[in-house]
Every structure is written in structure tokens, then in C-alpha cells.
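Participant: what shape does this take:
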Amino acid sequence: MEIPNPNIKTKILLFVICNLLVISYFCFAEEQTAVVENLDKSQYVTLDFKEADIRNVLKIISYKSGVNIVFTPEVIGNVTIRLTDVPWERALDVVLKTYGYAYERQGNIITVAPFDKLTAQKKQEVELAQVQPTITEVFALKYIDAQDAKKALEPQLSPRGKITVLEMTGQAGWEFAGADIGKRKRVSEERLSRSKVLIVSDVAGALAKIKEVIAQIDVMPQQVMIETRIVEVNKDLLRDLGFDWGTGSEGAESSTITSVASAKTAGNATSTLGGHTLGSQVKPSGFGPLAGTTTTAVSSAEPFNVGLELLFRKLTGTQFETMLHMLEEDVNTNTLSAPRIMALNNQEATILVGTKYPILKTEVATDTSTTNVTLDYYQDIGIQLNVVPQVGANNYINMVIHPAVTSYTDTLGTNAYPIIQTREAETRVLMKDGETVVIGGLLKDAKTKSVMGVPFLSKIPLLGLLFKRETIDTTKTDLLIFISARIVKEGELTPEEIAKLEERLERRAAEKKVATKKNKKNQ
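Facilitator: Got it, this is the predicted structure:
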């Protein structure tokens, strides 16, 4: 059917075009709404655009990241991109590199420009820095040392920049006067103390960057409170049982065999017989009592000075003597140490509860043959703990722990070098703030059994006890170390808590004083 009027065709065509434009507009608006919705700040973005204006895409990235993005007039064009859940800075980098643009970030502001223009701008800034006057500014640091800050700031300087650390001459302290630790002498030489003052000279742009870096690195370091409980349990059991006999009036007490008459004719001995067991004449290899000192040690051979000793002597007819001796020593020791120490983040802390043993050095003069004995150094002996705490993310603490429990029971050589017995461990642990770790298993279990007797006869059940000496020495040592660490918050150590610690210290000092008085009265 032919439409008679051409104007009607034009009207119908315009009507159809208008409807298509309206439908396209609403579809595009829905798509833009779907992309732009949920513009809360986040480190990750999701972008899905087709032929969209690059400036609108940069605006959405600005909304999501919370940074300010400024672009030059040359930044124009449409982009087609689809990115799902990627870091916003990575998305910005991909979009700009794909379409031939670059960016520069200064703090919270990002400038977007064509690559050649941004390169030319940086060259102009370098040329300007060569003629721009330098500015000198003094920075008084709060927490970090000036020497440490200098190492971090030197790469940020321009070619004309310079950093100087204000070094102050501190008062000299004291040092130990030779081997006498009770006397100290004044140190005469000058010593430089640590400084917290930086003097920086540079152009305005570089100086602004240095200010930003100092604000980020000069922060209060975190502190870690380390509480330790060291429990050491020692158990030593010694049992010595022996039965000796011998002929004669002193056969069991003497190592000399005394014979007695076995047959007589007309009152005269025609033959003699002697016998002896010698178990009590020597020290068994398993005999290791803890009681006594080097001058009043426990006797391991006859005559015995501790334990039970029974003697029976027959003086008429065939003379003989029998001796029974018994000794048992049971020693239990429980040592508890609970030191506490506070350390800065990444700084080593050391606790020592024990003795500083002097190590002597002997020197012989070749011309006069004179022997000089001097102090070489002090050896730490006792309960020692070395820790290096490092505070990580999510309130986790990475700690290097080195506990050691040392002691000595004997010395060696004319200079009395101590023979040190040690139990120590070194480990690195990751623990939550406030948690406790346990280092155990430092167990020593030794059992020594020594039997001296007459072959064959000592193996007879029950009757064999009359022909042997048996010594059993058992030593058990167990060490448990409990370590707790917590991050100290600002203002956490209140005056009330410090007062409690002082009260606990005074109470322990009073208890120690009372115990000392009791020991003196008992002596």
C-alpha cells in the first residue's frame, strides 16, 4: 500500500529514530549505573566498559581508591576494558599504558599526562633544580637516631642536597678499674653521644619529599613485655651396698690378708688359711654423691664416714671379721626463676640470674721469670635468656629465643678454669600477642650401675650378696621454659601497675632479709 503523502513518511521515520534514541539513552544510563554503583573506597576495583570516555574511567578509579587524579587536556579518547577484582593502582597502570599515557604520584595526588609531556616536565624540573636556591631546615627527630635516619634519607636528596648530623660531645662515664669490680675510674677521653638532630640543605621539591619520609619513619617504636618462667627439676639417687669379710682380727678393714691356723699338731699350727673380699677398699666407678665438699668429701672406701657400717669379729678359734656397709643419698632440687624484661621492637634483651665467674690469665716474663696473674674476662654462669622480639602484622610477634642454664662443678688447671655444664636451645618462634610458648624436652637421665664381686659366687641368688658390692647412681634433670610476650600499648603501664611491681619487689627483699637472719641463727 503506498502512502500518498511523503511528509507522512518523514514523520514516521523521525518517530522511529526518536524512539530508538530514547531506548539507547535508558540502556546506556542503566549500564553506567551498574558500573558506577557501590563506589565505596576499596583497594580492589572491577571495571567493565565499552567505548567509554577515559576521563570517566579515571574518575571511577579516583572514587574507589580515595586518591585525587588530575589529567592534562591531552588525555582524551575512548577505552574498552574489562577488569575483575584487581588492585586499583594496577588497574590504573594498565589503562594508561594501554592507551599511551603515564602518571606521577605525589602524596595523595596523581597527575596523568601523555608520556612525552610527562618526560619533558621531569627534565624541566631537573634543570630548574640546578638553578633553584637551596633551603636549609633543621629536623628534631623524636624517636629514631639521626645516623639511622641519614642512611634512609640520602637516596632522596637531589644532586645538590646535603645532610649533616649534629654530633654532641657527651660527658665521659666510668669504667671498671682492672679486676676490682668495686672500684671504677673516670674515662678521660671524649666520646660522642647519639644525636636526634638533622640539618638538611636542598631545593624546595626535594625538601618536601624528605619531610614526608621523616614523618613516616620517625614514629614511636613498639615495646614488648617478655615474661619468663624457668623450672629446673633435679633428682639424684645414690645407693651403695656391700658385704666384706676376711680372716684375722682385722680382715675386713685391711687390704692385707691375715692367715689363720687351719690345722694344729701338739698345739702348733701345721697349716694356715687366709681369705679376703676387697670391695670396700676402692671407689666404685658409679659412686658420685652430691653431699660434701672437696675438703670433707663422702668417703667411698673403708673407713666410711657416712651411712651405716656394721662389724662382727670372732676372736677365739678361727679368727675372722665381717663388715656390712649401706649408704643411700636422695637429693631433689626444684629451681624456679621468673624474670621479666621489656624490650624495644627489633632490639635484643638479655636476662642473667647467676654468677660472673672470673677467668684469670697467666703471663710469664721471660727476662725475670716473674709470673703475673691478671683478670682476662668474666664468664656468665647461671640462668640466662637472650631474646630479640619483632612485632609483625595482626599483633603477631616473631622472636629469636636463646635460653641457657649453665653450672660448673669443677675447675681445670692452675688458673681454675671452670668446667661448664650447659643446657641451652636457640629457636625462632611466631606467637600471638599474649600467648605463651613452652620449650621443654631438655631432659638428662643417666643411670650408672657398678658391681664388684667374686666371679660365680656373686651370681648366686641371695647368697651372692655376701660376695659383692653394688653401687647405683641415678641422675635425672628436667628443664622447662615458659615464655610469654605481649605488646605494650601506649599508656598501659599505669602508675598503679608500677606501684604493684615496686610493692612485690619490696616484699621479696623483706622475705630474703628474714631468711638470711634465720640462716645466721642456725649457724
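Participant: which residue packs closest to S262, ignoring adjacent ones?
Facilitator: In space, and not counting its chain neighbours, S262 is closest to L273: 4.1 Å by CB to CB, 6 or more residues apart in numbering. All C-beta spots, glycine's among them, are computed from the backbone N, C-alpha and C.
Participant: residue contacts, that neighbour?
Facilitator: Residues counted as contacts of L273 (CB atoms under 8 Å, 6 or more residues apart in numbering) are T247, S259, V260, A261, S262.
Participant: ok, of those residues, which come out buried?
Facilitator: Neighbour-count burial (16 or more other CB atoms under 10 Å) applied to the contacts of L273 gives T247, V260.
Participant: helices along the stretch 251-400 of the chain, start to end?
Facilitator: Counting by DSSP state H, counting those that start in this stretch, one finds no helices in the stretch 251-400 of the chain.
Participant: where exactly do the helices run in the protein?
Facilitator: 6-36, 54-65, 88-98, 115-131, 146-153, 204-217, 495-522 (DSSP state H).
Participant: could I have the shortest one exported to PDB, CA atoms only?
Facilitator: Read that as helix 146-153. Extracted C-alpha coordinates of helix 146-153, given in PDB (Å, rounded to 0.1, in the frame of the first residue of the first chain):
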ATOM      1  CA  ALA A 146      69.900  10.700  63.400                       C
ATOM      2  CA  GLN A 147      72.600   8.500  61.900                       C
ATOM      3  CA  ASP A 148      70.000   5.800  61.100                       C
ATOM      4  CA  ALA A 149      67.700   8.500  59.500                       C
ATOM      5  CA  LYS A 150      70.600   9.900  57.500                       C
ATOM      6  CA  LYS A 151      71.100   6.500  55.800                       C
ATOM      7  CA  ALA A 152      67.500   6.300  54.800                       C
ATOM      8  CA  LEU A 153      67.200   9.900  53.500                       C
END
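Participant: now that helix: mean pLDDT?
Facilitator: In this model, helix 146-153 carries a mean pLDDT of 89.
Participant: which residues are in contact with it?
Facilitator: Residues outside helix 146-153 that contact it (CB under 8 Å, 6+ apart): 141, 163, 165-166, 194-198, 200, 210, 213-214, 217-218.
Participant: narrow the residues you listed to those in strands?
Facilitator: The strands, defined by DSSP state E, take in I163, V165, V197, L198, V200 from the contacts of helix 146-153.
Participant: quick one: pLDDT of the first one?
Facilitator: This points to I163. 91.
Participant: list the beta-bridge partners for the closest residue in space to N332 that isn't next to it in sequence.
Facilitator: The shortest distance from N332 to any non-neighbouring residue, by CB to CB, 6+ apart, is to K235 (5.4 Å). Beta bridges link K235 to N332, K476 when assigned by DSSP bridges.
Participant: name the helix or strand of the chain that has the lowest mean pLDDT.
Facilitator: strand 180-186 (a mean of 49; mean pLDDT, DSSP states H and E).
Participant: I'd assumed L141 was in contact with L166.
Facilitator: No: look at L166 against L141 with CB atoms under 8 Å: they stay out of range, at 10.5 Å.
Participant: which one's more surrounded, those two?
Facilitator: Higher neighbour count among L166 and L141: L141, with 16 against 12, using other CB atoms under 10 Å.
Participant: quick check on the more buried one: phi, psi?
Facilitator: Phi and psi for L141, reported as degrees, to the nearest 10, are phi -70, psi 150.
Participant: grab the nearest non-local neighbour of it.
Facilitator: Leaving aside its chain neighbours, L141 sits nearest to K196 (4.2 Å; criterion: CB to CB, 6+ apart).
Participant: what's near enough to touch the one you found?
Facilitator: K196 makes contact with A140, L141, K142, I144, D145, A146, according to CB under 8 Å, 6+ apart.
Participant: beta partners of the first one?
Facilitator: For A140, the beta-bridge partners are V197 (DSSP bridges).
Participant: and the pLDDT at it?
Facilitator: What the model reports as pLDDT for A140 is 90.
Participant: what about it, how many residues close to it?
Facilitator: Counted with other CB under 10 Å, A140 comes out at 10.
Participant: ok, it to L198 distance?
Facilitator: 8 Å (CB to CB, to the nearest Å).
Participant: pLDDT wise, what is G205 at?
Facilitator: 80.
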